[in-house]
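Novice: model the following, please.
(2 chains)
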Amino acid sequence: MIMETIGEWIAPYVQLTKEETARRLETPPDPALGDAALPCFELARALRESPQSIAAKLAEAILHPMLECRAVGAYLNVALRRERIAMQWLEAVEAPAFRAPSSPRGQRVVIDMSSPNIAKPFGIGHLRSTVIGNALRHILTADGYDVVRVNHLGDWGTQFGKMIAAYRAWGDTEALRRRPLEASLELYVRFHEEAERDPRLEDEARAWFAKLERGDEEAAALWRFFVEASRKEFRRIYDRLGVAFEYELGESFYNDKMEAVVERLQAANILEESDGARVVRLDDASLPPCLIVKSDGSSIYATRDLATAFYRRETLGGDRLLYVVGAEQAVHFRQVFEVLKRLGCEWADACEHVPFGLMRVEGKKMSTRRGRVVKLEDVLGEAVERANAVIAEKNPNLPDRERTAEAVGVGAVVFGDLKHDREGAVDFRLEEAVRFDGETGPYVQYTHARIRTLLAKSEAVSAGSAAAKPSALATDEAWALLKLLTGYPAAVREAAARLAPSVVARYALDVAKAFNRFYHAERVLADDPAEAAAKLRLARAAADTLRDALALLGVQAPERM
RNA sequence: GUCCCAGUAGCUCAGUCGGAUAGAGCAUACGCCUUCUAAGCGUACGGUCGGGGGUUCGAAUCCCUCCUGGGACGCCA
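Specialist: Numbers count the residues shown, from 1 in each chain, chains lettered A, B, ... in the order given. This next block holds a predicted model:
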């Protein structure tokens, strides 16, 4: 908004379009230099004149009531006349439409996210897909998309053959009834331990999965038990995270849709026999072959992902299909999308893997097989407990402490994940996840709550009703905050374009920092009613922005804390 | 061996159309609550932007190459 405005005003002098001018403008390294800077090197080349003298001439030539220009070396620095424009911007930022979703695009996005495995605890590893997917749903909605979240539950596959085989060998019915997921995990871990000594167990597991796929009643009954127990536990966690899904369609849902996939591949004549299995060769795309049917005739995840893609495209009507899945599956998705392309699906290009870095715990890759998992619920519990302790210490009279502690604890964990670029690998450290100061979710929440109490107080002393005084917004701190607030729509657009929730998280941190600086430098509830009015309106706009940005990330913004 | 991702301050990370003295947070050391929430603010300390070439008026950013770490490479997902 700022660069666009300044670009438009100075474009006539630099003889470029206003878009081109705005594009070349940059933010000066030191705010004291101004609000925008135009490097004159490129102009110098075109005009065959030194950049310094061009900058100097422009500074001389530009006469605009809102601008003050100065040449510094090869740069033309432009400062806005703060008092003259502040009210206009404040009003812009206050308008409800400013932070409202942009107009509908008439495009539907289907997001594949979360996708925990049945019969295993919801580990910290699934946090990323869940919160990134959820944030993307809010951000893309704000960017005008119609978004559908699908929880692609891992409720099918050879792993269930393993569970069934393990249950039949060592299952303790009573333990399973009491603590289904812990007991399941123990069975799963034991299976892999025993299978190292006795490889025949693997064959047995595959046989059980084949039976399950063919509808064997004993296998199906066990499968239903595991699915029900898991869903119940998952729901509890999703409630805490504030995550919901438009669809919960696990892999099993596609069980009866696999044959159709194989038929399509056959019809396209791209299925080949290889070592008893059936594959699609992708050599000319420099990809390994995509395995479609295993040598025992059962399906594999690529087959399921193809069926899933068809369903999301043809039945759910997705214009874009997003897969928020770990980066380690990059090759798999490239294979699947390439196969779609070879089937003549022109929409294959609208499929996109949104990878995120692997989460390790204390430097080690998590492994369900070895029982090396950190349960998300334990982490949330620890975070909430600490939040509770902090509130007890800092604000003992806070009503509704439990609910606030929940919002802060969970907010710390969620925000802590989202503020990082999603592609980087994460080494999970509890101490990091439950931190409350510095660049954290609670810092943003705290800033928001602080403003809300300030606003409440202003009503009590009936401040802020006077006409606002523009000069109150012209101080360095107020001005920096106001400028930042104008950047909200741009931040959301960038986050949507890059599918990067971290952009919103960083933006929220910047706003919080700018507000706190402002708050410390100046008294908001000033004696002069006109000054107080302007500052209060700025503060309210900041709080609203923080609340909305946090909402995009799926983090709550308590009124008090 | 091939492919993908990453390497920026002691630690965790921003820095995406190449631009002015490379920025935060944490940690460390100081300072600031008789006025709006100190979960805050400020000051100091701290960097061969993995190494080496190249392109450019200008490179953390683009190109080449090497090194290091992580991941993936058909019957798990």
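
Novice: going by C-alpha atoms from here, please, whenever you check contacts or count neighbours.
Specialist: OK.

Novice: which residues does the closest residue to A:Val339 other than its chain neighbours form beta bridges with?
Specialist: Ranked by CA to CA, 6 or more residues apart in numbering and with sequence neighbours excluded, the top spatial neighbour of A:Val339 is A:Val280, at 7.4 Å. According to DSSP bridges, the partner residues bridging A:Val280 are A:Leu271, A:Cys290.

Novice: which ones are touching A:Val280?
Specialist: By CA atoms under 8 Å, 6 or more residues apart in numbering, A:Val280 lies in contact with A:270-272, A:289-292, A:339.

Novice: farthest-separated two in those?
Specialist: A:Glu272 and A:Val339 (12.9 Å; CA to CA).

Novice: between these two, which one's more packed in?
Specialist: The residue with more neighbours, out of A:Glu272 and A:Val339, is A:Val339; 22 against 16, by other CA atoms under 10 Å.

Novice: now the helix or strand hosting the more buried one: buried residues?
Specialist: Assigned by DSSP states H and E, A:Val339 belongs to helix A:330-342. By neighbour count on 16 or more other CA atoms under 10 Å, the buried set for helix A:330-342 is A:332-340, A:342.

Novice: which one of the residues you listed sits closest to RNA strand B?
Specialist: Relative to RNA strand B, the closest of the buried residues of helix A:330-342 is A:His332; by CA to the nearest atom of the strand it sits at 6.4 Å.

Novice: would you mind measuring from the residue nearest to the closest one when sequence neighbours are not counted to RNA strand B?
Specialist: The shortest distance from A:His332 to any non-neighbouring residue, by CA to CA, 6+ apart, is to A:Ala302 (7.3 Å). Distance, A:Ala302 to RNA strand B, using CA to the nearest atom of the strand, to the nearest Å: 7 Å.

Novice: quick one: contacts for A:Ala302?
Specialist: A:290-292, A:332, A:336.

Novice: next, give phi and psi for it.
Specialist: When read as degrees, to the nearest 10, the backbone of A:Ala302 gives phi -60, psi -40.

Novice: what is the helix or strand hosting A:Ala210 packed up against?
Specialist: Assigned by DSSP H and E, A:Ala210 belongs to helix A:200-213. Other elements packing on helix A:200-213 under the criterion 3 or more CA pairs under 8 Å, 6 or more residues apart in numbering; DSSP states H and E are helix A:158-170, helix A:180-197, helix A:217-241.

Novice: can you name the element that comes right after the shortest one?
Specialist: The element immediately downstream of helix A:158-170 (helix or strand, assigned by DSSP H and E) is helix A:173-178.

Novice: contact partners of that next one?
Specialist: A:182-184.

Novice: please state the offset of the helix holding A:Ala210 from the chain centre?
Specialist: From the chain centre to the centre of helix A:200-213 is a distance of 38 Å (CA atoms, centre = their mean, to the nearest Å).

Novice: and for stretch A:344-361?
Specialist: Per CA atoms, centre = their mean, the centroid offset for stretch A:344-361 relative to its chain is 14 Å.

Novice: can you get me the start-to-end distance on that stretch?
Specialist: 42 Å (CA to CA, to the nearest Å).

Novice: and the helix or strand hosting A:Ala309, what's buried?
Specialist: Per DSSP H and E, A:Ala309 falls inside helix A:301-314. For helix A:301-314, a neighbour-count test (16+ other CA under 10 Å) marks A:301-310, A:312-313 as buried.

Novice: repeat for stretch A:395-410
Specialist: Under 16+ other CA under 10 Å, the buried positions of stretch A:395-410 are A:401, A:404-410.

Novice: residues making contact with that stretch?
Specialist: Residues contacting stretch A:395-410 (CA under 8 Å, 6+ apart): A:240-241, A:380-388, A:391, A:434, A:441-442, A:445, A:555-558, A:560-561.

Novice: coming back round to it: adding distance to RNA strand B, write the contacts of A:Val280 out as CSV.
Specialist: Formatted as CSV, the contacts of A:Val280 follow (distance: CA to the nearest atom of the strand, whole Å):
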residue, distance to RNA strand B
A:Ile270, 13
A:Leu271, 10
A:Glu272, 8
A:Pro289, 6
A:Cys290, 7
A:Leu291, 5
A:Ile292, 8
A:Val339, 14
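
Novice: which one (most neighbours) among those residues?
Specialist: A:Ile292 (25 neighbours).

Novice: and the contacts of A:Ala302 as a markdown table, adding pLDDT?
Specialist: A markdown table is the format used below for the contacts of A:Ala302 (pLDDT from 0 to 100):
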| residue | pLDDT |
| --- | --- |
| A:Cys290 | 96 |
| A:Leu291 | 96 |
| A:Ile292 | 96 |
| A:His332 | 96 |
| A:Val336 | 97 |
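
Novice: measure the residue nearest to A:Val339 to A:His332 for me?
Specialist: Applying CA to CA, the value for A:Val280 to A:His332 is 13 Å.

Novice: could you do A:Ala59 as well?
Specialist: A:Ala59 is 56 Å from A:His332, by CA to CA.

Novice: Three-state assignment for A:Ile292, please.
Specialist: Taking DSSP: H, G, I helix; E, B strand; the rest coil as the rule, one finds A:Ile292 in the strand state.

Novice: returning to that earlier point: so which of the buried residues of stretch A:395-410 sits lowest on pLDDT?
Specialist: In this model, the minimum pLDDT among the buried residues of stretch A:395-410 belongs to A:Arg401 (94).

Novice: neighbours of the residue of the stretch 51-200 of chain A found nearest RNA strand B, how many?
Specialist: Across the stretch 51-200 of chain A, no residue is closer to RNA strand B than A:Gly157, which sits at 3.2 Å (CA to the nearest atom of the strand). Neighbours of A:Gly157 under the rule other CA under 10 Å: 20.

Novice: give me the pLDDT for it.
Specialist: 80.

Novice: next up, the contacts around it.
Specialist: With CA under 8 Å, 6+ apart, A:Gly157 has these contacts: A:209, A:300-301.

Novice: how's chain A carved up into domains?
Specialist: Annotated domains of chain A cover A:2-80, A:108-255+A:308-365, A:376-553 [automatic domain parsing].

Novice: still on that earlier bit, farthest-apart pair in the contacts of A:Ala302, please.
Specialist: Most distant of the contacts of A:Ala302, by CA to CA, are A:Ile292 and A:His332, 11.9 Å apart.

Novice: low-scoring stretches of chain A, by residue?
Specialist: A:362-364, A:371-372, A:464 (pLDDT under 70).

Novice: tell me the contacts of A:Phe98?
Specialist: Contacts of A:Phe98 by CA under 8 Å, 6+ apart are A:92, A:489.

Novice: please repeat the previous calculation with a cut-off of 10 Å.
Specialist: For A:Phe98, the contacting residues are A:91-92, A:486, A:488-489, A:545, by CA atoms under 10 Å, 6 or more residues apart in numbering.

Novice: now do A:Gln556
Specialist: Each residue near A:Gln556 by CA under 10 Å, 6+ apart is listed here: A:241-242, A:404, A:406-408, A:410-411, A:441-442, A:445, A:547-550.

Novice: whether the helix holding A:Ala210 contacts RNA strand B - can you check?
Specialist: Yes. Using CA under 7 Å from any atom of the strand, helix A:200-213 reaches RNA strand B at A:Arg206.
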